[in-house]
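*Asks:* Coordinates for the following, if possible.
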Amino acid sequence: MRDWELDSPFLTAWLRLRQAYRAAARIAEAEVSQFQSTVAQIDILTMLNASRGPLTLGEISSYLSLDNTGTSALLTRMQRAGLVRKVRSKMDQRVVRIQMLPKGKELLAKAARLHGRTCQTMEGCFSEEEVKQFDSYLKRYRDHCLRKLGAEATPLPPIVDVDKLSVWL
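*Replies:* Sure thing, here's the model as predicted:
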């Protein structure tokens with residue numbers, strides 16, 4: 001990887017952001033590849049595990065900042081691998097919810113150390129205060145870019161009450 005020094009500090013920072021992301025992603029992908037998985041799959045399983053109910057493709061797409069087509073293809077591969085199941089709503093057949101299966105829970109448990117390694121990589125480079133500052137810059141930049149796209153960041157879906165799952169199933 002080349003270390004670029006360009007005339008524009010904005011372009012230089014943009015290139016470094018992309019390089020840093022790619023390098024960090026390679027570390028994470030190497031970690032989960034031993035489980036025949038990807039970071040995106042682990043992200044989906046993490047989100048499903050944190051939710052008390054199934055999530056829609058749209059909710060998952062929003063979480064991953066992917067388009068619905070890419071997320072749908074990823075979920076199809078995960079379903080074939082036995083990690084998740086797609087369930088159509090009985091109330092509205094157009095609505096499909098994604099449920100994590102036991103095999104997905106097993107994979108998530110095996111890959112749990114990914115998050116620890118990711119944090120260790122940052123801890124080896126930044127103090128907690130620096131990470132908080134860095135995060136505030138990233139959030140500000142993300143929100144600025146989203147506004148230019150006519151969008152905004154929204155909170156993750158609310159935790160679903162288990163008693164309300166029958167509405168979906």
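
*Asks:* which residues in the chain form strands?
*Replies:* Ranges of strands within the chain are 55-56, 84-88, 96-100, based on DSSP state E.

*Asks:* With distance to residue 150 and mean neighbour count as new columns, can those be given to me in a markdown table?
*Replies:* Glycine gets a C-beta too; all of them are placed from N, C-alpha and C. Formatted as a markdown table, the strands of the chain follow (distance: least, CB to CB, whole Å; neighbours: other CB atoms under 10 Å):
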| stretch | distance to residue 150 | mean neighbour count |
| --- | --- | --- |
| strand 55-56 | 22 | 20 |
| strand 84-88 | 30 | 16 |
| strand 96-100 | 26 | 20 |
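
*Asks:* Report the buried residues of the longest helix anywhere in the chain.
*Replies:* Counting residues, the longest helix found in the chain (DSSP state H) is helix 9-33. Using 16 or more other CB atoms under 10 Å as the test for burial, helix 9-33 gives 15, 28, 31, 32.

*Asks:* How about stretch 58-69?
*Replies:* Buried positions in stretch 58-69, judged by neighbour count with 16+ other CB under 10 Å: 59, 60, 61, 62, 63, 64, 66.

*Asks:* of those residues, closest to residue 148?
*Replies:* Within these, the smallest distance to residue 148 is 17.7 Å, found for residue 62 (CB to CB).

*Asks:* And that closest one, how far from residue 71?
*Replies:* 9 Å (CB to CB, to the nearest Å).

*Asks:* what does residue 129 give?
*Replies:* For residue 129, the distance to residue 71 equals 35 Å [CB to CB].

*Asks:* who has more neighbours, the two?
*Replies:* More neighbours surround residue 71 than the other of residue 129 and residue 71, with 22 against 8 (other CB atoms under 10 Å).

*Asks:* Tell me the spacing between that one and residue 59.
*Replies:* Taking CB to CB, one finds residue 71 at 10 Å from residue 59.

*Asks:* Same question for residue 148.
*Replies:* Applying CB to CB to residue 148 and residue 59 gives a distance of 23 Å.

*Asks:* repeat for residue 151
*Replies:* Distance from residue 151 to residue 59, by CB to CB: 15 Å.

*Asks:* In this structure, what helix or strand scores lowest on average pLDDT?
*Replies:* helix 113-123 (a mean of 76; mean pLDDT, DSSP states H and E).

*Asks:* CA atoms of stretch 33-49 as CSV?
*Replies:* Extracted in CSV, the C-alpha atoms of stretch 33-49 (Å, rounded to 0.1, in the frame of the first residue of the first chain):
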residue,chain,number,x,y,z
SER,A,33,-12.6,-16.6,7.1
GLN,A,34,-11.4,-19.4,9.4
PHE,A,35,-15.1,-20.0,10.0
GLN,A,36,-16.0,-19.9,6.3
SER,A,37,-17.8,-16.7,6.9
THR,A,38,-17.6,-13.0,6.1
VAL,A,39,-17.7,-9.8,8.3
ALA,A,40,-21.0,-8.9,6.7
GLN,A,41,-22.5,-12.2,7.7
ILE,A,42,-21.2,-11.8,11.3
ASP,A,43,-22.6,-8.2,11.3
ILE,A,44,-26.0,-9.6,10.3
LEU,A,45,-25.9,-12.3,13.0
THR,A,46,-24.8,-9.8,15.6
MET,A,47,-27.7,-7.6,14.8
LEU,A,48,-30.2,-10.5,14.8
ASN,A,49,-28.8,-11.6,18.1
